[in-house]
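1. below: sequence and its predicted model.
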Amino acid sequence: MDLSLIQKDILITLITLYHQSSHSIKGEEIAEVLKRNPGTVRNQMQALKALGLVEGVPGPKGGYTPTAMAYKELNLVSYEHQSEVPIVRDGETVKGVRVAELDFTTLCHPDLCHAVVKIIGSVKHFRVGDHVTIGPTPVNKLLVRGEVYGMDENQQALLISISEMISLPKQPISFFMSTPLITLPEAATLRDAVHLFNAHRIHGAPVMNDSMLLGIVTMSDIIRALDEGRSLDGMVTEVMTPDVVKAPSNVRIFEVVGRFKEREIGRLIVIDDGRPVGIITQSDIIRVFPSL
């Protein structure tokens, strides 16, 4: 069947939102994503229902859900079994859009590297000149950055000029962590911490009570304490951060990169069988991902 561009936009957005939330989607939600009038979306929904592409769900929590015919019509039969490949603009994931295919068109050109990015969602979210980041892809963990220089509404595709491609390491964080873990005992003073940091040329260390992790103290914590008038003979437990960000040793490193920015931290403690075994710092991350 021949669907109009607005019908394709609505149907693709419905499918995308439905799989993000696992419940029926209201016409207003689709209208918000597409920047369309809600009345226009509701009118088109009636046509899509008549074609057997969507089903209406009654009630206050009702809305619309896509039918199996909708997936077939848009060649998305295996959509629900695909991994999420996000597309980010200005540091934020574009809502209602995910990447379906990435086809390189000028990979061998000496000066240019262009690609066609087929998306699930509407290309109307984007403008020429937008800087986007795609990925990581599920198998090769490829991260692609570039600038949008064109759009194809019929194919729901973005044309991008690629500025950078990064293959993210698949190794777990235990491969990159610093070990053995240098720690401070619960009874340590700020003076002890400064001596430890100088001796090992580090800027922070976890505070331990035998095998129990109590917190983490950094040079910034000590400087702040001294600025507040505290003595170097004060206890590290008085200035440490008790809420320590931790991750299992088998977690892959690209999965924890975002935590450094989200939590505004400089280091992360690696745990194995419930025990701290190592530490990953911002410097370690920069060495692995120099362009991130």
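-> The structure has been received and is ready for your questions.
2. just the buried residues of stretch 117-132, please?
-> 117, 119, 120, 121, 122, 123, 124, 125, 126, 130, 132 (16 or more other CB atoms under 10 Å). Using the backbone N, CA and C atoms, a C-beta is placed for each residue, glycine as well.
3. packing partners for whichever strand or helix holds residue 223?
-> Taking DSSP states H and E as the criterion, residue 223 maps to helix 219-227. With contacts defined as 3 or more CB pairs under 8 Å, 6 or more residues apart in numbering; DSSP states H and E, helix 219-227 has these neighbours: helix 190-200.
4. which helices and strands does the helix it packs on pack with?
-> strand 184-185, strand 204-209, helix 219-227.
5. who touches it?
-> Applying CB atoms under 8 Å, 6 or more residues apart in numbering, the contact partners of helix 190-200 are 182, 184, 188, 202-205, 217, 219, 222, 225-226, 230-236, 239.
6. please redo it, this time with the cut-off set to 7 Å
-> For helix 190-200, contacts defined as CB atoms under 7 Å, 6 or more residues apart in numbering pick out 182, 184, 203, 205, 217, 219, 222, 225, 232-234, 236, 239.
7. any chance of those residues in TSV, with pLDDT and distance to residue 72 too?
-> Formatted as TSV, the contacts of helix 190-200 follow (pLDDT from 0 to 100; distance: CB to CB, whole Å):
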residue	pLDDT	distance to residue 72
182	93	59
184	95	62
203	90	57
205	93	58
217	94	59
219	93	60
222	94	63
225	94	65
232	93	71
233	94	74
234	94	69
236	95	63
239	94	62
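8. which of those residues are buried, as a PyMOL select command?
-> A single PyMOL command is used to select the members of these judged buried by 16+ other CB under 10 Å:
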select buried, resi 184+205+217+219+222+225+236+239
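9. in JSON lines: the contacts of helix 190-200, plus distance to residue 44.
-> JSON lines is the format used below for the contacts of helix 190-200 (distance: CB to CB, whole Å):
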{"residue": "182", "distance to residue 44": "62"}
{"residue": "184", "distance to residue 44": "64"}
{"residue": "203", "distance to residue 44": "58"}
{"residue": "205", "distance to residue 44": "60"}
{"residue": "217", "distance to residue 44": "59"}
{"residue": "219", "distance to residue 44": "60"}
{"residue": "222", "distance to residue 44": "62"}
{"residue": "225", "distance to residue 44": "62"}
{"residue": "232", "distance to residue 44": "70"}
{"residue": "233", "distance to residue 44": "73"}
{"residue": "234", "distance to residue 44": "67"}
{"residue": "236", "distance to residue 44": "63"}
{"residue": "239", "distance to residue 44": "60"}
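10. I'd like to know how many residues surround residue 29.
-> Residue neighbour count, defined by other CB atoms under 10 Å, stands at 19 for residue 29.
11. just to revisit the earlier point, just flag the most distant two among the buried residues of stretch 117-132.
-> Greatest spatial distance in the buried residues of stretch 117-132: 120 and 130, 17.6 Å, computed using CB to CB.
12. what separates the nearest residue to residue 9 once chain neighbours are set aside from residue 35, distance-wise?
-> Excluding its sequence neighbours, the residue lying closest to residue 9 (CB to CB, 6 or more residues apart in numbering) is residue 122, at 4.6 Å. From residue 122 across to residue 35, the span is 9 Å (CB to CB, to the nearest Å).
13. quick revisit: ok, the residue nearest to residue 9 touching residue 11?
-> No - at 10.3 Å, residue 122 does not count as touching residue 11 under the criterion of CB atoms under 7 Å.
14. next, the buried residues of stretch 230-249.
-> Residues 235, 236, 237, 239, 240, 244, 245, 247, 249 are the ones in stretch 230-249 that count as buried (16+ other CB under 10 Å).
15. what mean pLDDT does the next helix or strand after the helix holding residue 223 get?
-> Using DSSP H and E, the helix or strand that follows helix 219-227 in sequence is strand 246-248. Across strand 246-248, pLDDT averages out at 91.
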